[in-house]
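# below: sequence and its predicted model.
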Amino acid sequence: MTDLLNAARRCHVALGCRHYSLFDFRIDPNGKPWFLEAGPYCSFAPSSVIAVMAAATGIGVRELFDVVLRESHKERNQPCM
C-alpha cells in the first residue's frame, strides 16, 4: 500500500496539485496496481466522492466549499470575500 500512496503523491506533485487530487487505481489478483485516471479538480456535487467523504464526517457541501475557498485565499495572502 505504501508504494500506491507514494505513486499517488508523485502524481499529485507532477500535476501541480496543491489541495486536492483523486487517483483511481485497481489492484489485480496478483496485487499489482494499475493506474486508471487522475481527478485533479474537486467537484462539489452532492454525489461526488469528496462531498460524500465530507458528509461521512459531518461536513456539508457548502461548509466544505467555504473551507476550500478560505484556505486557498489564505495561501495567496488575499482577503476572502
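Arrived safely. Residues are numbered from 1 along each chain as shown.
# and the strands in the protein?
Using DSSP state E, the strands found in the chain span residues 22-27, 33-39.
# quickly compare those and say which is most buried.
strand 22-27 (a mean of 14; mean count of other Cβ atoms under 10 Å). Every residue, glycine included, has its C-beta placed from N, CA and C.
# can you pull the contacts of the residue lying closest to Gly39 once chain neighbours are set aside?
Among residues not flanking Gly39 along the chain, Leu22 sits closest, at 3.9 Å (Cβ to Cβ, 6 or more residues apart in numbering). Residues in contact with Leu22 (Cβ atoms under 8 Å, 6 or more residues apart in numbering) are Ala38, Gly39, Pro40, Val49, Ile50.
# lowest-confidence one in those?
pLDDT across those is lowest for Pro40, at 74.
# for Val61, see how far away it is.
From Pro40 across to Val61, the span is 19 Å (Cβ to Cβ, to the nearest Å).
# with neighbour numbers in mind, choose between the two.
Just comparing Pro40 and Val61: by other Cβ atoms under 10 Å the higher neighbour count belongs to Val61, 17 against 14.
# mind listing what the more buried one touches?
The contact partners of Val61, taken as Cβ under 8 Å, 6+ apart, are Phe44, Ala45, Pro46, Ala51, Ala54, Ala55.
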